[in-house]
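Q: Build me a structure from this.
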Amino acid sequence: MGRSPYKVGKFLRSWKEGEAQTITFVVTEDCNLRCKYCYITHKASNKKMKLEDAKKFVDYILTADIKRTEAVIIDFIGGEPFIEVDLIDRITDYFKIRAFELGRDWFWNYRINICTNGVNYSDPDVQAYINKNFGKMSVAITLDGTKEKHDLQRVFANGDGSFDTIIPNIDLWKSQFTASTKVTFASDDLFLLKDSIIDLWNRGIAEVAANVVFEDVWKEEDDKLFESQLIALADYVLDNRLYDKYLCTLFSDSLGGYLNEEQLQQTSCGAGKMMALGVDAKIYPCMRYMAYSLNNNNGWHVGDIENGIDMERVRPFMTATTKLQSDSECINCEIANGCNFCQGYNYDESATASNFYRAKYICKMHKARVRANEYYFAKLFNRFGIKRDSLDVDRKKLYFLLSDNFVNYCATANHSIGSNAMSRQAIFNGLQYSRENFFDAVFVHPKDAFTFKEELEYEAHLILHMVPAKFYKEAACLHKYLLVFDHDSISLPTGHIKNCMFNISSDRIEVLFEDVAELLKKADRINLNILDINKLFDEALYKKQLLKIKDLLIEWHRRKRIIKEVSLITDLCHMNRPNNCKAGDRSFVYAPDENIYACSGLYSKDRSRQVGDVKHGLDNLLDAQLYKRKYNALCGVCDAYQCLNCICINQEFTNEINVSPSFQCRKSHIEREVARLYQLGMKSEAGDSRITELTYLDPIKALYEKNNISVGYYEY
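A: Here you go, the predicted model:
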């Protein structure tokens, strides 16, 4: 994979990331500062680690029957660790000697990490330790930015700021290490965020790990101030083309979107995956479980240096997952991805002293951060053409119907006879609603005219335009668009196309292969959309046409070594979860009348079916649960994940939005069978989701067999 064209938006990489185990020594609970936002709330000048205890811990981690990775990070922390630099030096020497004597890989494969406040960084003893271990360690000095910001929080015991004490040490530090610092923001210093990050960059500190505190400190309007500061910082980065020069972790391309089931089975915290030795000779799952950072609950240790690890006390950490630590609001949050938490702090906030609890004081701040990130990445793309590297996350979509006569893009064709067009102000209102409520905006253009004009205000939004193919020349001015073809437009000289949509009516299936074959000559991928299927849909002919397309796709690969994609055949080979249209759940329509509808089909058929508007939100979405896949019993037993399960077709033929008619299910299973044959023909190159052979086309049979049910005299 090539180097990303941006740094602002990437996370800092640690040494041997994912491969190294972290072992922490809390060498002291004392500190020479009294930072106001510090989570260590019970500092003690008389509590420091005994060398003999540290040696026993080293012996334990090197000899005990525990899991050891090939590499290890030795993390020395406090309080302020360099207060005890002599102790750190002795522990380091002992670790190296014992690792050598025992022939452990860790003798060669270790790294020392220390984060210091920098007060005594130039002390001769500290410098002697650094010189002794140079090349095998990294040191970060915590500098908060401007003098005003730093001295507002990072103070001595008498209340004086520490900025002037630390600054003289910064040049020495930068000459020895990659300049990387940690910055924390709380409610009273948010207004200095932009200037502080810029100040750090201007001082030559290119890597800034920044965060806001997890604690219950946030006041009314803090989220708006946080967002405005981040947006101002984003504009500074973009206006000065600094996106590839610096790092600031307040921007991250992994933010936003729902968590999938795999992510829910993980946890964002490393507690329990590391070991921390406290000054009391006890072993903790993380230093945040030590009493000196807890205010409500007792310290939680998992062992000690005499008896080793007590696996019974480790078991909660082995079973803790985001899904079990979160309530329904967090689990179903549309921007849960990237919302991290401190497990130790959550434990301390739990009324029952449980690891299966999640404090949510940071919620509004996370939402503000996501909105600002969306702004930054949209402008980065629209201004410089640089795409965001994003994870495979599910995101909400709001489709803007720019006219009643919108181009078809879903399984229910647009039969609207209206001519209303969305006003400029309505578009801006919809975009504002999209940002505030975390929708991706999709502009669906009219069939008969291209009237859209780019404006500066659109630069702050990442918009996908769905444009009729006959306006391919006009669409070239757009930043991101998808051409929508039909039978009459497939021969247009559009040039090479990476991705497009092709609409074909269900009563024209006899020309499906012919049209797709023609379009594949210039398109790498076709999102195939069959319009208005019904009881008369010719399933046998459809399968015959799909089989011919399947053979053509395999032939493309065998003859020219080119992989072409047709969604309803090729996508299932790579899917392990459903890809239904999500209408009324995670996908909605914003219409020219400025109302919101569950889908475009329901809008074109019945204007009384609005579910809300951009001013009041989705306040009229009745029986909202029925739009979710888990409330469709047939989908629950089906793995034809490429099926879009059109709720408009469902309601028309079964009278329920969450019950699919048999012909829609059979259509999807025909596609599933052709996808299976395609995968067999392509073998391993077709994807990693193995499609099994089934004996039925209608999943209602599987549902009946699974539940062993019968409905009176009704029989399939």
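Q: now the helices: where do they sit in the stretch 251-400 of the chain?
A: Here the stretch 251-400 of the chain has its helices, by DSSP state H, counting those that start in this stretch, at 261-264, 311-319, 322-325, 328-331, 343-349, 363-384.
Q: quick one, which of those helices is nearest to R609?
A: Of all these, helix 328-331 sits nearest to R609, with 27.1 Å by Cβ to Cβ. (Each C-beta comes from the backbone N, C-alpha and C, glycine too.)
Q: Contacts for the closest one, please.
A: Contacting residues not belonging to helix 328-331 are listed as L259, L264, T322, K323, A336, C339, R358, K360 [Cβ atoms under 8 Å, 6 or more residues apart in numbering].
Q: Can you tell me which of those residues lies closest to S122?
A: Taking Cβ to Cβ as the measure, S122 sits nearest to C339 out of the contacts of helix 328-331, at 39.2 Å.
Q: where do the helices sit along the stretch 451-600 of the chain?
A: Using DSSP H, counting those that start in this stretch, the helices found in the stretch 451-600 of the chain span residues 472-475, 512-519, 539-560, 567-570, 600-605.
Q: From the contact counts, what lies against the lowest-mean-pLDDT helix or strand in the chain?
A: Between all helices and strands in the chain, the lowest mean by mean pLDDT, DSSP states H and E belongs to helix 700-707, at a mean of 77. Applying 3 or more Cβ pairs under 8 Å, 6 or more residues apart in numbering; DSSP states H and E, one finds that helix 700-707 contacts helix 633-636.
Q: got the buried residues for the helix it packs on?
A: Neighbour counts using 16 or more other Cβ atoms under 10 Å place A633, L634, C635 of helix 633-636 among the buried residues.
Q: picking up where we left off before, export the contacts of helix 328-331 as TSV, with columns for pLDDT and distance to G159.
A: Shown next, in TSV, are the contacts of helix 328-331 (pLDDT from 0 to 100; distance: Cβ to Cβ, whole Å):
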residue	pLDDT	distance to G159
L259	91	43
L264	91	45
T322	94	40
K323	94	45
A336	94	40
C339	93	35
R358	95	35
K360	95	32
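Q: so which of those residues would you say is closest to Y6?
A: Closest to Y6, out of all of those and judged by Cβ to Cβ, is C339, at 22.0 Å.
Q: wait, doesn't the closest one sit right on C333?
A: Yes - under the criterion of Cβ atoms under 8 Å, C339 lies in contact with C333, with a separation of 7.1 Å.
Q: out of those two, which sits in the busier spot?
A: C339 (23 against 20; other Cβ atoms under 10 Å).
Q: show me what contacts that one?
A: By Cβ under 8 Å, 6+ apart, C339 lies in contact with S268, C330, C333, I362, C363, H366.
Q: nearest spatial neighbour of D188, skipping sequence neighbours?
A: L152 (6.8 Å; Cβ to Cβ, 6 or more residues apart in numbering).
Q: so who does that neighbour touch?
A: Counting by Cβ under 8 Å, 6+ apart, L152 touches K36, G161, D188, D189, L192.
Q: A helix includes the third one, no?
A: Yes - with DSSP: H, G, I helix; E, B strand; the rest coil as the criterion, D188 is located in a helix.
Q: Roughly how far does it sit from F95?
A: 41 Å (Cβ to Cβ, to the nearest Å).
Q: Which one of these two is surrounded by more residues?
A: F95 (26 against 14).
Q: host element of the more buried one?
A: In this assignment (DSSP states H and E), F95 forms part of helix 85-101.
Q: after that helix, next one along is what?
A: Past helix 85-101, the next helix or strand by DSSP H and E is strand 110-116.
Q: doesn't W556 make contact with M682?
A: No - counting by Cβ under 8 Å, M682 does not reach W556; the two are 10.5 Å apart.
Q: Which one's more surrounded, those two?
A: Higher neighbour count among M682 and W556: M682, with 18 against 14, using other Cβ under 10 Å.
Q: Need phi/psi at the more buried one.
A: Main-chain torsions, M682, degrees, to the nearest 10: phi -90, psi -20.
Q: Just give me the neighbour total for N120.
A: For N120, the tally of surrounding residues (other Cβ under 10 Å) stands at 18.
Q: what's near enough to touch it?
A: N120 sits next to N32, F82, I83, V126 when contact means Cβ under 8 Å, 6+ apart.
Q: what about stretch 300-308, average pLDDT?
A: On average, the pLDDT along stretch 300-308 is 96.
Q: can you check stretch 49-61 too?
A: Stretch 49-61 comes out at a mean pLDDT of 97.
Q: can you pull out the strands in the stretch 601-716 of the chain?
A: Using DSSP state E, counting those that start in this stretch, the strands of the stretch 601-716 of the chain run over 612-613.
Q: So, low pLDDT: which residues of it?
A: In the predicted model, the stretch 601-716 of the chain carries pLDDT under 70 at residues 684-687, 707-716.
Q: let's see 80
A: Flagging of the stretch 601-716 of the chain using pLDDT under 80 yields the residue ranges 684-689, 704-716.
Q: Buried residues, stretch 637-646. List them.
A: The neighbour-count check on stretch 637-646 (16+ other Cβ under 10 Å) flags V637, C638, D639, A640, Y641, Q642, C643, L644, N645, C646 as buried.
Q: For those residues, please prepare TSV with the additional fields distance to H496.
A: Shown next, in TSV, are the buried residues of stretch 637-646 (distance: Cβ to Cβ, whole Å):
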residue	distance to H496
V637	41
C638	36
D639	34
A640	31
Y641	29
Q642	25
C643	30
L644	27
N645	32
C646	31
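Q: Can you tell me which of those residues comes closest to E436?
A: Comparing the buried residues of stretch 637-646 against E436 with Cβ to Cβ places L644 closest, at 27.7 Å.
Q: Not counting its neighbours along the chain, what's nearest that closest one?
A: Residue nearest to L644 in three dimensions, not counting chain neighbours: C581, with 4.5 Å by Cβ to Cβ, 6+ apart.
Q: what pLDDT does that neighbour get?
A: pLDDT, C581: 84.
Q: cool, the one 10 residues further on as well?
A: At A591 the predicted local distance difference test score is 95.
Q: and what of the one 5 residues further on?
A: The model reports I596 with a pLDDT of 97.
Q: what does K473 give?
A: 96.
Q: And for R3?
A: On pLDDT, R3 comes in at 69.
Q: what does the one 4 residues further on give?
A: Reading off the per-residue confidence, K7 sits at a pLDDT of 95.
Q: What is the burial count for Q265?
A: 12.
Q: Next: D688.
A: Neighbour count of D688, defined by other Cβ under 10 Å: 10.
Q: quick one, what contacts it?
A: By Cβ under 8 Å, 6+ apart, D688 lies in contact with C573, H574.
Q: where's it relative to I563, distance?
A: Taking Cβ to Cβ, one finds D688 at 14 Å from I563.
Q: Next: G18.
A: Going from G18 to I563 by Cβ to Cβ gives 30 Å.
Q: Give me the more crowded residue out of those two.
A: The neighbour count for G18 versus I563, taken as other Cβ under 10 Å, is higher for I563 (15 against 6).
Q: The more buried one contacts W556, correct?
A: Yes - the criterion here is Cβ under 8 Å, and I563 meets it with W556 at 7.4 Å.
Q: picking that back up, now for the helices of the stretch 251-400 of the chain, which one comes closest to T142?
A: For the helices of the stretch 251-400 of the chain, the distance to T142 is smallest for helix 343-349, at 18.9 Å, taking Cβ to Cβ.
Q: which residues touch the closest one?
A: Under Cβ under 8 Å, 6+ apart, the answer for helix 343-349 is 39, 214-215, 267, 269, 271-272, 286-289, 293-297, 300, 320, 325, 353-355, 357-359.
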